[in-house]
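J.: here is my input; please provide its structure:
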Amino acid sequence: MSPVIFEFIGTTFSVIFCAIAIKLADDFLDQEIDTNYNFAKDIGKGTMIYSMLFMACAVCLNVSVSTSLFFASYIIGMFHDLKQQFPSRLSGIQESILVFIIGIFFWGWKTMVFSVLFILSIQLFDDSIDVHIDQLSGHRNWAHRLGNVECFLLFVVSILASWWVDEHLFFPVFLGTVIFYGTVWCYQRGRA
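T.: As a prediction, this is how the structure comes out:
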């Protein structure tokens with residue numbers, strides 16, 4: 001098999017495993033406030049262990065992509081808690097900046113900017129889709145704050161910007177994300 005194809009497939013599976021790890025960690029943290037299906041409710045206390053296991057698999061396949069996407073997820077996840085003080089005694093914005101700088105140190109500015117833009121686009125797309133579900137549960141997501149059309153337009157801009165920043169990484173990361181979200185969507189529809 002060609003090294004280019006092997007790298008593409010490895011990166012795609014790394015993204016899938018990373019996405020599973022992020023989803024499990026997010027479900028674990030949000031299990032009491034989630035109104036739709038939450039994997040942590042089924043898995044229980046072992047959810048974080050499985051999350052770490054999937055992240056370890058992602059790192060084995062492509063360390064720079066998986067860890068930069070994980071860091072970007074942490075940064076984008078902090079956007080709702082920018083002023084909150086955390087156990088590190090830093091605010092959400094300070095932790096986000098610190099994680100971004102650490103990411104640049106390890107993987108370079110291009111990979112970190114790509115990852116932040118890509119994860120931002122996923123968050124915006126998810127918020128556009130979940131605007132009514134989040135509204136019913138009392139959560140104000142980006143679609144509520146900006147408007148649904150504006151949120152979707154910002155999604156388009158951020159996904160195109162991520163493609164522009166690193167077109168080499170874009171396609172395997174995009175494919176891994178589509179496979180992950182498609183699988184979760186089918187699974188959740190089957191349980192409904």
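J.: can you show me the CA trace of stretch 146-163 as CSV?
T.: The C-alpha coordinates for stretch 146-163 follow below in CSV (Å, rounded to 0.1, in the frame of the first residue of the first chain):
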residue,chain,number,x,y,z
LEU,A,146,-25.6,34.8,17.2
GLY,A,147,-28.8,33.7,15.4
ASN,A,148,-29.2,30.4,13.6
VAL,A,149,-28.4,31.7,10.1
GLU,A,150,-25.4,33.6,11.4
CYS,A,151,-24.1,30.6,13.3
PHE,A,152,-24.4,28.5,10.1
LEU,A,153,-22.6,31.1,8.1
LEU,A,154,-19.8,31.2,10.6
PHE,A,155,-19.6,27.4,10.4
VAL,A,156,-19.1,27.7,6.6
VAL,A,157,-16.4,30.4,7.1
SER,A,158,-14.6,28.4,9.7
ILE,A,159,-14.6,25.1,7.9
LEU,A,160,-13.4,26.8,4.7
ALA,A,161,-10.7,28.6,6.7
SER,A,162,-9.5,25.3,8.2
TRP,A,163,-9.3,23.9,4.6
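J.: distance from the chain centre to it, please.
T.: Chain-centre distance of stretch 146-163: 15 Å, with CA atoms, centre = their mean, to the nearest Å.
J.: from residue 45, how far off is residue 151?
T.: Residue 151 is 35 Å from residue 45, where distance means CB to CB, to the nearest Å. C-beta: built from backbone N, CA, C; applies to glycine.
J.: only alpha carbons, please: show stretch 108-122 as PDB.
T.: Provided in PDB are the C-alpha atoms of stretch 108-122 (Å, rounded to 0.1, in the frame of the first residue of the first chain):
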ATOM      1  CA  GLY A 108       3.300  24.300  15.300                       C
ATOM      2  CA  TRP A 109       0.900  27.100  14.500                       C
ATOM      3  CA  LYS A 110      -0.500  25.700  11.300                       C
ATOM      4  CA  THR A 111      -1.700  22.500  12.900                       C
ATOM      5  CA  MET A 112      -3.200  24.300  16.000                       C
ATOM      6  CA  VAL A 113      -4.900  27.000  13.900                       C
ATOM      7  CA  PHE A 114      -6.300  24.300  11.600                       C
ATOM      8  CA  SER A 115      -7.600  22.200  14.600                       C
ATOM      9  CA  VAL A 116      -9.200  25.200  16.400                       C
ATOM     10  CA  LEU A 117     -10.900  26.300  13.200                       C
ATOM     11  CA  PHE A 118     -12.100  22.800  12.400                       C
ATOM     12  CA  ILE A 119     -13.400  22.100  15.900                       C
ATOM     13  CA  LEU A 120     -15.100  25.500  15.900                       C
ATOM     14  CA  SER A 121     -16.800  24.700  12.700                       C
ATOM     15  CA  ILE A 122     -18.100  21.400  14.200                       C
END
